[in-house]
Every structure is written in structure tokens, then in C-alpha cells.
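[1] Fold the following.
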Amino acid sequence: MGPGRRGCLTSLEVDDLAATLAADLQRVDDRRARGVFFTPPDVAARLTALAVESTDHGTATTVVDPACGAGAFLLAAGRCMVDWGVADPATVARRHLFGADIDPASVEACRQLLASWAGIEPSEVAGVVVGDPLRAGIAIWPDGPAAGFEAVVGNPPFLGQLRAATTASAADREALRSRYPGLVAAYTDMAWLFLAAGLDLLADDGRMVLVQPQSVLAARDAGPIRDLLVTEASLIGLWWDQSGVFAGHVEVCAPVVRRTPSGRRGAVQVLVDREVVRSGTALPPEVGETWGTVVAEVLGIPQILTSDHGPASGRVGDLAGVTAGFRQHFYGLVAGVAERTGPDDSRPPMVTTALVDPLCLRWAQQPCRFDGRRWRAPVVDLAAVATVQPEVGQWFADRQRPKLLVASQTSVVEVVADPVGSLVPVTPLVVVEPNDPADLETLWRLAAALSAPPITALAMRRSLGAARSSARLRLSASQVADLPLPLDTATWTQGAALAYDLHTSSDLSTDAGAWRTFGRIMAEAYGVVAGDEVDALVDWWWSRHPARL
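    Numbers count the residues shown, from 1 in each chain. Below is the predicted model of the structure:
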């Protein structure tokens, strides 16, 4: 019996209908370009159960999806409530399920799906409405529970602000800033804001599970939202997908949040992959922390640095200025970049992330891409850059001094030294400049510290989710500046000498023995002294190292 008619479909028929409705919506326009992804029914069911089924507080009896799409999560919630004896399907669909979407076609599809499952007319699914709870809140459900919903579930659209198709207008962002004071920054993904909206919709002791891009764990502009969730609620679980549920599109996670009084915090249950299986527990994150540490153990990232590495041990920023260019610096180079004409060409080399390997510069050894072109040995006419954009030209002129360049989107922290001070860094390279330009000893000591295995482990834990892949790390200038320095200065000096040798000798750049010796020395410099712990750390670091690959 088709949608809109009385009589229940079989479970298989309902699943087929759900897939058909989602596919039909996908064909209407390119929803993926707008950050909308269909959630597989099995994943929706397992994630929904985390919010709806609660052995200690009973099954949720009011469930809302604030971005319901074709209704995969609400269908899963309805099935949960029927299985747990809340009510029959028709009653659940009429009185216990609520949803909203700004797209009328999605609302119609959701009503059809729930009505077909429950054996009622679509018009009777009154709790699913056209509306925007991100901006209007609970008011769009006049017949909803006044004290809030017992469960919030769903997969809101991922609207990152670095893609033109998903960028919010200035007026829209200003309205959201008014609605969510302190939570909307330049690069806030709208999916993150659904966590704040969901918290507003949640009743006391209610649970929320909303699928998110993994960037929510570490992105700077997600920080205020993370802090909101651990102060006004509790992070009781975190689902982390490594199985590619949305393969080829985006890596995802889902915080499991319970609305509890401040201070009530316990261990965080870690769940993984499409099967949403329990993998272990982690300590809850503190205010101001990223959440990468919650899933670090699952990914096998070593926990090395301890409380001994506090402010007293020093930070990279104590010995050097740390900065990075922005978009204007990237595009400002276009006016001055050219191919080197020969060995007598005095224009400084331009270096992209692709040309940075650990303690090894690949300029003129391998090609790179910039401004849509492939370059063999790119150089920059800084005078031409300054003529077109004086401020950008001055910024690059100021970078013509001894420095380190730290790459982004890498599997280990990758650093090259520029003791002469001639390299021109392309965004998003992070630039580390010793406070005294003539102090080359500090330059090599910092090169060794940043290249050390414990720093890669720490950086992975702090930045997990910020890179394009969970197997890679991405550090901002402020994060690089905040990385700790070694405790054992004598061993650090040995490591700095070996870093110099690795950087200046092409024979050593791929020498496994030299690299592993360096890794052990710098692990000890950071206080890792137990032999098995040193070996485990170096093995993990070396397994990811480009020189090995």
C-alpha cells in the first residue's frame, strides 16, 4: 500500500520507501553541494538508539529532528519507541515525533515516510513542519512539549564557510550572531550551531545525537560551542567514523550529549564506525580543550607528554615569533611568481606545503601547484608583489630572515629550516622565526623540537578533526606557538645536531637508521625514558613518516 493511504507497509517496504524518497530529493537539486547528505538507515537507527534508548532513565517519549530531511532519524526513533512499548506506531507518529526542515519537499517526504510506516495519512503527522529551528527554536512546534524534547537526533547540513556553495550571507550571519551570542565566528560551520540549537530544544536529562563534521572536535571557531556543551550539559559519548559512511564526501562524528546540571561529568563512551560499536572510554574534555583526546586512544595515538610539560618547561612561542599568511598573502604572490630562469636567477624561491618534507626541502626537486599551474622551480619577484599590494609585499619582506616553515595536512609534523632567510612561504605554511635572527643554534633546536615524535603525538591529539583526514594533522600558528619545549636540554642539543645533519645531507634524508636515532634522542629529550615506551613511540611515528614511505 503506497504512501498516504491507510495500512502499514512491511519493514522492508518502509526501508525501500525511505531510500526512494531520499534519492528523489537528491535528484531535485544538488543537495550535497549544500552540505546535505543522506544517512544510511542502519547508521541512523544505531545513532538514534543512543539518544532514545536509556536503561537508567527510560525510553524517550518525545523526539525531534531539527533538520529532518526525508525522515531517516525520525523513522528510527519511532521504531525504537514502539519496540520499547511507548505506544503503537500510529500514536507515536501522531504525538511523539517532531521534525522540521526549511525545504517543503523534505517535509512532505518525511510525512509520507512516517505515515506509511504508521498506517495513517501524511496530514496526521502534525509534528513535522516547515520551519527553521536554528533561528526560531521550539516556537515552530506550538503543540510540542513546553519543557523541551527528551531526545534530539539528526544529521544537519554541513555548511562550512570555506566553500562558496555553503557560505552564509553577511545578513544571515549577523542574525545568527544575535541568536547565538559568542558562538558565531568567521568560519563557523552551521552544523555546529545545530548543537547549540539542539541544546535549547532538549529537556532536562534529555539526550542529543547530531551527526557532525569531524572538524567540530578541533576547529578554533567550534571552541565556544564545545565549551557550551561541557558547561550546560555533559559529553557522555562520542561516535567516530573511520569506515566511510559518507565515503568521498566528509568524515563524520556525533557527540552524545546529555542535558545535566553543570559539573556532573563522567567518562565518555567512545563508539566507532558504521556498526556504532563501543571501543572504550576516555576522560571528559575540559573547558577550552579540543576533543581530539577523546578518540585518540581509538586511533592508537600515544599519550606521551604529561603535566611536567607545563608552562615552566617553555613553549615554542617563548623562543620565536610564529605567524602564518592569509588569503591575501596567497593571492598576493600571483603578481610576482615565475619560473627560475637559471642558477644565476637571484629571485627567492617560493615554497608550498607540497615542497616541505621532514627536515627536507623539495624545491626544484619535485613540481608543485600554485594558482592553478604546475611549477618546477618557482621564484618570486617581491618588488612586483609590493607594487600591486604594498602591505602584502611588506609582509613577505619581513619574512626574509632565518626561519622554519611548518607544513599543514601532514601525517607527522613536517619542518624545513631556512637559515639563510630567502624562502617565500605560501599559505598555509606556518612560519617560525627565532627572536634573534642571528641565533642559528635556536633555529636548529626548534627544528629538532618540532620534528620530535612526542610533538607529532601531541599535535595529533590537539588537532584531530581539523585536517581533511583523521590520519593527518593541521596546526595553526597559535597551536605551533603553544607546543612545549624539551625538558632535557643536553639531549635536546644532541637532537638539534642530528636535525642539522638530516637537513643538510641528502644521503641522510631517507636513512631509516638516522631518523630512528633522531626519534629516540628527541623522545628522551621530552622525558620519555622507558625503553619500551620509547620504542613504541618511535615505531608509531616512523610508521607515518614520509621518509619511510
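[2] Does Arg135 touch Arg173 like I think?
    No. Counting by C-beta atoms under 8 Å, Arg135 does not reach Arg173; the two are 11.8 Å apart. Where you see a C-beta, it was placed from the backbone N, CA and C, and this is true even at glycine.
[3] show me where pLDDT drops low in the protein?
    Counting by pLDDT under 70, the chain contains low-confidence residues at 1-8, 26-36, 54-57, 159-169, 247-249, 261-264, 305-312.
[4] what residues go with each domain of it?
    Domain ranges of the chain: 11-296, 311-544, per automatic domain parsing.
[5] mind checking how far the helix or strand hosting Ala447 is from the chain centre?
    Using DSSP states H and E, Ala447 maps to helix 440-450. In terms of C-alpha atoms, centre = their mean, to the nearest Å, the centre of helix 440-450 is set 29 Å apart from its chain centre.
[6] Output the contacting helices and strands for that helix.
    With contacts taken as 3 or more C-beta pairs under 8 Å, 6 or more residues apart in numbering; DSSP states H and E, helix 440-450 sits against helix 316-319, strand 403-406, strand 415-418, strand 430-434, helix 489-504, helix 512-525.
[7] can you put the ones you listed in TSV and add distance to Val270?
    As requested, the helices and strands packed on helix 440-450 are arranged in TSV below (distance: least, C-beta to C-beta, whole Å):
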stretch	distance to Val270
helix 316-319	30
strand 403-406	30
strand 415-418	31
strand 430-434	30
helix 489-504	34
helix 512-525	26
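[8] Next, the contact list for the spatially most central residue of the chain, please.
    For the chain, Ser215 is the residue whose C-alpha lies nearest the centre (C-alpha atoms, centre = their mean; 1.7 Å). Neighbouring residues of Ser215 by C-beta atoms under 8 Å, 6 or more residues apart in numbering: 160, 189, 222, 465-466.
[9] now do Phe149
    If a contact means C-beta under 8 Å, 6+ apart, then Phe149 has 60, 62-64, 98, 201-203, 206 as its contacts.
[10] That one pairs with what?
    Leu202 (DSSP bridges).
[11] Just give me how far stretch 243-258 sits from the chain centre.
    With C-alpha atoms, centre = their mean, you get 10 Å for stretch 243-258.
[12] Tell me the buried residues in that stretch?
    245-246, 250-258 (16 or more other C-beta atoms under 10 Å).
[13] can you map out the helices along the stretch 51-200 of the chain?
    72-83, 89-91, 104-118, 133-136, 170-179, 190-201 (DSSP state H, counting those that start in this stretch).
[14] For the longest one, C-alpha coordinates in CSV please.
    Spelled out, it's helix 104-118. Output of helix 104-118 as CSV, limited to C-alpha atoms (Å, rounded to 0.1, in the frame of the first residue of the first chain):
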residue,chain,number,x,y,z
PRO,A,104,8.9,21.9,1.9
ALA,A,105,9.7,18.9,-0.3
SER,A,106,11.7,17.3,2.5
VAL,A,107,8.9,17.8,5.0
GLU,A,108,6.4,16.2,2.6
ALA,A,109,8.7,13.2,2.1
CYS,A,110,9.2,12.8,5.8
ARG,A,111,5.5,12.9,6.5
GLN,A,112,4.9,10.3,3.7
LEU,A,113,7.5,8.0,5.2
LEU,A,114,6.2,8.2,8.8
ALA,A,115,2.6,7.9,7.6
SER,A,116,3.4,4.8,5.5
TRP,A,117,5.2,3.2,8.5
ALA,A,118,2.3,4.0,10.9
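[15] Now do it: which elements does it pack against?
    By 3+ C-beta pairs under 8 Å, 6+ apart, helix 104-118 packs against helix 11-28, helix 72-83, helix 89-91, strand 97-101, strand 128-130.
[16] Can you give me the buried ones in the first one?
    By neighbour count on 16+ other C-beta under 10 Å, the buried set for helix 11-28 is 14-15, 17-18, 21-22, 25.
[17] count of neighbours near the nearest residue to Ala364 once chain neighbours are set aside?
    Once flanking residues are discounted, Ala364 sits nearest to Ala377: 4.1 Å by C-beta to C-beta, 6 or more residues apart in numbering. Neighbour count of Ala377, defined by other C-beta atoms under 10 Å: 17.
[18] Distance check, Ala377 against Asp482.
    Separation of Ala377 from Asp482 (C-beta to C-beta, to the nearest Å): 35 Å.
[19] what does Leu382 give?
    30 Å.
[20] circling back to that earlier point, can you put the helices and strands packed on helix 104-118 in CSV and add distance to Tyr331?
    Formatted as CSV, the helices and strands packed on helix 104-118 follow (distance: least, C-beta to C-beta, whole Å):
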stretch, distance to Tyr331
helix 11-28, 35
helix 72-83, 41
helix 89-91, 57
strand 97-101, 37
strand 128-130, 41
